[in-house]
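Peer 1: Just to be clear, the model below is a prediction. Sequence and coordinates:
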Amino acid sequence: MSSTDTSTESAAASSLPKPGEVRLEVVAVPVSDVDRAKAFYEKLGWRLDIDIEPGPGVRIVQFTPPGSGCSVSIGKGLTPAEPGSFQGSELAVLDINAAREDLIARGVEVSDLYHLDGGQVPGPDPEGRSYMTFASFSDPDGNTWQLQEIKQRLPGR
């Protein structure tokens, strides 16, 4: 594609960074087949921000997860990283069971829930603590994502 495709959906309200702030804006995820990866991230329900070819051998496809201030770029000529080498980035969700079921309904293979207790242990955190219950899924190249349930933020977050 040589033109910009933008979504008509509004992004989560976000102010510009204040002096001294540094905000994570875009993460590049290495993929082997841009169109296959684009179809996968569309299936997740993430907003398609752009699909452009700004120059020879370069294609940028950018998605933003619902409610996120940070976007994900896939494409050609973006990163020297190997497809499948992007591992374990965490996606914060309020209700991990609902988020997991939504992904499964979209045809995504999602792991069972697990929690941390000296390593990964099957099942949700027995105390229901924020930051402790996870599920994971992968894109077609094996790049992995973790859902992390956060019901209450730590102080200062």
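Peer 2: In hand now; what should we look at?

Peer 1: Kindly list the longest strand within the chain.
Peer 2: strand 47-55 (DSSP state E).

Peer 1: Now do that one: distance to the chain's middle.
Peer 2: Distance, stretch centre to chain centre, for strand 47-55: 17 Å (C-alpha atoms, centre = their mean, to the nearest Å).

Peer 1: May I see the buried residues of the helix or strand following that strand?
Peer 2: Next in sequence after strand 47-55, counting helices and strands by DSSP states H and E, comes strand 58-64. Buried residues in strand 58-64, defined by neighbour count with 16 or more other C-beta atoms under 10 Å: Arg59, Ile60, Val61, Gln62, Phe63, Thr64. Every C-beta, even on glycine, is put in place using the N, C-alpha and C of the backbone.

Peer 1: Closest one of those to Trp145?
Peer 2: Of all those, the one with the least separation from Trp145 (C-beta to C-beta) is Phe63, at 12.1 Å.

Peer 1: now that closest one: how far from Ser89?
Peer 2: Going from Phe63 to Ser89 by C-beta to C-beta, to the nearest Å gives 13 Å.

Peer 1: Check Glu109 too.
Peer 2: Glu109 is 17 Å from Ser89, by C-beta to C-beta.

Peer 1: which one of these two has more residues nearby?
Peer 2: Ser89 (14 against 9; other C-beta atoms under 10 Å).

Peer 1: That one bridge partners, please.
Peer 2: On the basis of DSSP bridges, Ser89 is bridged to Trp145.

Peer 1: Would you mind measuring from it to Val29?
Peer 2: Applying C-beta to C-beta to Ser89 and Val29 gives a distance of 9 Å.
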